[in-house]
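1. quick one: sequence and predicted model below, then my questions.
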There are 2 protein chains.
Amino acid sequence: MDAPGALLTDLYEFTMAAAYVAEGMAERPATFSLFVRNLPPERGYLIAAGLDDALAWLEDFRFGDAEMGALAALDLFDDEFLEWLRTARFTGAVRAVPEGAAVFASEPLLEVDGPLGVAQLAESYLLNQVTLQTTLATKCARCVDAAAPAAVVDFSLRRAQGVDAAMKVARCARIAGLAATSNVAGGSRYGLPATGTMAHAFVQAYDREADAFRAFADCFGERTILLVDTYDTRRGVERAIEVAGEMRARGVELRGVRLDSGDLVELSKQARATLDDAGFAGMQVFASGSLDEYAIESLIRAGARIDAYGVGTSMGVSRDAPSLDTVYKLVEYDGRPVRKTSEGKATWPGRKQVWRRPGFGGDVVGLWGEPGLDGAEPLLTEVMRAGDRVGVEATDLEAAAARCAAVLDSLPEGVRRLRESDSYPVTASRGLAELTASLPADHP
Amino acid sequence: MDAPGALLTDLYEFTMAAAYVAEGMAERPATFSLFVRNLPPERGYLIAAGLDDALAWLEDFRFGDAEMGALAALDLFDDEFLEWLRTARFTGAVRAVPEGAAVFASEPLLEVDGPLGVAQLAESYLLNQVTLQTTLATKCARCVDAAAPAAVVDFSLRRAQGVDAAMKVARCARIAGLAATSNVAGGSRYGLPATGTMAHAFVQAYDREADAFRAFADCFGERTILLVDTYDTRRGVERAIEVAGEMRARGVELRGVRLDSGDLVELSKQARATLDDAGFAGMQVFASGSLDEYAIESLIRAGARIDAYGVGTSMGVSRDAPSLDTVYKLVEYDGRPVRKTSEGKATWPGRKQVWRRPGFGGDVVGLWGEPGLDGAEPLLTEVMRAGDRVGVEATDLEAAAARCAAVLDSLPEGVRRLRESDSYPVTASRGLAELTASLPADHP
């Protein structure tokens, strides 16, 4: 897939920018705020992600000959606008919550301060990446939290929503603390170990299940995890033990068995007992097959004996909440705070900062520059200035993973709960509340 | 985003291929069948899509220096396998259902006939693309079907699951018969008109709503669609009429207004009446805001007066069914039909053809080469032979769109129903049933 680059934008961003150019407004200062209006009912918190790709897009923002040709072919724009576009660059600033941090409804994940025209053109791509990656990092974090201390491995490549999504699952898995991914390209790019076992096809390609196990163990020795459910799971475990015994005689201990169907509670208990009785207490039991955080929680409550979970489609598409109610709203133009007052979709005006009380004691959304709360931590920092990145801390994957781990350690249990979580308190500062009240509801 | 290429594969595909190479099995003939085990409860039919990207991947299959380096770095594979991989190409055949056709559970969307090693390595990517695009084409077709004869426009770029998904929504929108897309890159690549209106930000950037409307109409004349809900929708419509009158005096008729919030039934009726009363019966009413096929059906039943629907996130992520239960199963190896008998996940063996009775009178899954049913149409055709494509008909977007339109014209109403659809009959041929019964359930 060729990268679609700067043309990957809603047409209306171009039509608006063209009108701004025609009106002499395109270079006036503006601020856009990217935030989630409401959390999905299934989510008590979000893990911020996607900032690195957002910043990379702003850095690379430019229209080459191919893009200019495609735009001219629309027969919609005049020469003045096309000429403006040819030399347009992002020269503004970005203030953002670092990746891996917890965020809640109405809190900016990032704010773009820059000339109105280019800042408007960034809307579609920034929303696309921040929405996708925040969705995925949150879902991954919930799976890690449900399984802990057992490990979670990303198996979602085959049914993630396309190539970019599959890669970003691996990236978000790294942030959220998964142990590994099956996706070789994703693991390689984002520094997560690549792991895997075998498919049923492998077992089927041999006349006898035990012969398939022998062939695999011959090749992969101590890394071998045998898939035991192609035919009858109990017999599959017995054959795995037979092959594990042969390998032990050659000085090699196999790593474990994988269950992928049936009643995982009963089968995992039986597999554990059979392995232990046969003297293979060191072999692990892996489980996969339509798992997600809810299924993992149920398995653990029911006493399943599982050492690691392979989680695929439901995590990779975030099945119960596959998108977020993210928006990118103009909050200040030409020095003047503005707000939208549409029915049910009103927004807070002005450039913002978020203050978080210690121990997740509640957040206050205030105006940027407004005095902070005593003892509270400001969440947004400047990450881009005059079109260049400022440091790497906010998007470094190791730092993001540490932040996410700290969130799972310290977020109140009620907010972390998988279902019917408590609502986390987010309020407006006095300055923000007064500004909001002071702006008219209509602009005749 | 750089294309991750041939490394975008689950690690276990490589470990299995390595074992096949070590055992001398990698070049033996095999057939894999890609099908959907069960339809989601919300789906009565699927629209096949994704074949073009699957074939492109098979054509381009090769490992360059970068990929070989990443694989060697895993410290998992011996030199014999790495050398095999360096020269491996896909030299087999693909038989497939053409894009845009209807498919149902248990029917192969495609079958890969080729040497076991490379055919196995294709699993992850083929599943990824066929799953995504069949999911999206199906969802798009449902939206088109619900809105007909009103038009549907794709607004999903900003919250689709990543770059690839956003592009593939545009591709599947083209197959399913949407009128346009907001995605400039997607429209340009897949031949769908790009359209758009304006964002609330545009209105907010002006002191007065009417001034924003004037500026936009000045730039875009007869293409102008004014977004009227930034503040108060009824007043927004009145201001749109004021500006439409000014433009009419200059000989320009505006195209319409867009509603994006509130009670779309009442607001669309009011907007229609107000426009008509003011002498602007030619101006259209566009609607958007959390729409999908269910919302469109409800709006139409409630008497909304809407000429075109902008459908975004719910369609772009296929919210109610964001993935499919697709699998890629070995069905024949070295001339021997094989099958999996796992609990609840058993599969049909052998290379297959699907026969469809006229007027969607039921499908029969048979063995490839088995005599067909009188009067029934075979669904799979050879689309790749010896590693090269055979014709373009199965993946041509215009042909795919014609096929999908024919499906929506002729599929029984009960199967097309949005909720609680009828189950479409798919049965095994006598030859397939006998073969399935003849294979053992276990392979000790």
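-> Arrived safely.

2. all contacts plus neighbour counts: C-alpha atoms, from now on.
-> Fine.

3. which positions in the stretch 1-150 of chain A make contact with chain B?
-> Within reach of chain B by CA under 8 Å from any CA of the partner chain, the stretch 1-150 of chain A has these residues: A:1-4, A:7-13, A:15-16, A:18-19, A:22-23, A:70, A:76, A:123-129, A:131-132.

4. please pick the buried ones from those.
-> A:4, A:7-13, A:15-16, A:18-19, A:22, A:123-129, A:131-132 (16 or more other CA atoms under 10 Å in any protein chain shown).

5. narrow these to those in helices?
-> A:11-13, A:15-16, A:18-19, A:22, A:123-129, A:131-132 (DSSP state H).

6. hang on, A:V94 in a strand?
-> Yes: checked against DSSP: H, G, I helix; E, B strand; the rest coil, A:V94 lies within a strand.

7. residues near it, how many?
-> 27 (other CA atoms under 10 Å in any protein chain shown).

8. over to A:A73?
-> 11.

9. look up how far B:E107 lies from A:Q161.
-> Computed as CA to CA, to the nearest Å, the A:Q161 to B:E107 distance reads 22 Å.

10. who's more crowded, these two?
-> Each of A:Q161 and B:E107 has its neighbours counted (other CA under 10 Å); A:Q161 has more, 34 against 27.

11. okay, now the unreliable bits of chain A?
-> Where chain A drops to pLDDT under 70, the residues are A:1-3, A:343-344.

12. and it, what are its domains?
-> A:5-135+A:325-438, A:137-316 (automatic domain parsing).

13. single out the most deeply packed of the ones you listed.
-> domain A:137-316 (a mean of 22; mean count of other CA atoms under 10 Å in any protein chain shown).

14. chain center to it, what's the gap?
-> Put simply, domain A:137-316 sits 23 Å off its chain's centre (CA atoms, centre = their mean, to the nearest Å).

15. and that domain, end to end?
-> 10 Å.

16. also stretch A:427-443?
-> 27 Å.

17. can you check stretch A:409-426 too?
-> 20 Å.

18. same check, this time on stretch A:352-372
-> Span of stretch A:352-372 from end to end, CA to CA: 11 Å.

19. test my guess that A:V285 contacts A:G310.
-> No: at 11.0 Å, A:V285 does not count as touching A:G310 under the criterion of CA atoms under 8 Å.

20. shared neighbours, these two?
-> Listed as contacting both A:V285 and A:G310 by CA atoms under 8 Å, 6 or more residues apart in numbering or on different chains is no residue at all.

21. where do the strands sit along the stretch 51-200 of chain A?
-> For the stretch 51-200 of chain A, the strands defined by DSSP state E, counting those that start in this stretch occupy A:93-96, A:102-103, A:108-115, A:151-154, A:180-181.

22. the first one pairs with which strands, parallel or anti?
-> Strand A:93-96 has these partner strands in its sheet, going by DSSP bridges: strand A:108-115 (antiparallel), strand A:381-385 (antiparallel).

23. near chain B, which residues of the stretch 301-444 of chain A?
-> A:313, A:317, A:319, A:321-324, A:326, A:329-330, A:333, A:338-345, A:441-444.

24. cutoff 7 Å now
-> A:317, A:319, A:322-323, A:329-330, A:333, A:338, A:340-343, A:441-444 (CA under 7 Å from any CA of the partner chain).

25. which of those residues fall in helices?
-> Among these, no member falls in helices (DSSP H).

26. and the strands paired with strand A:93-96: which comes nearest B:D374?
-> strand A:108-115 (61.6 Å; CA to CA).

27. residues making contact with that closest one?
-> Residues outside strand A:108-115 that contact it (CA atoms under 7 Å, 6 or more residues apart in numbering or on different chains): A:26-35, A:48, A:91-97, A:119.
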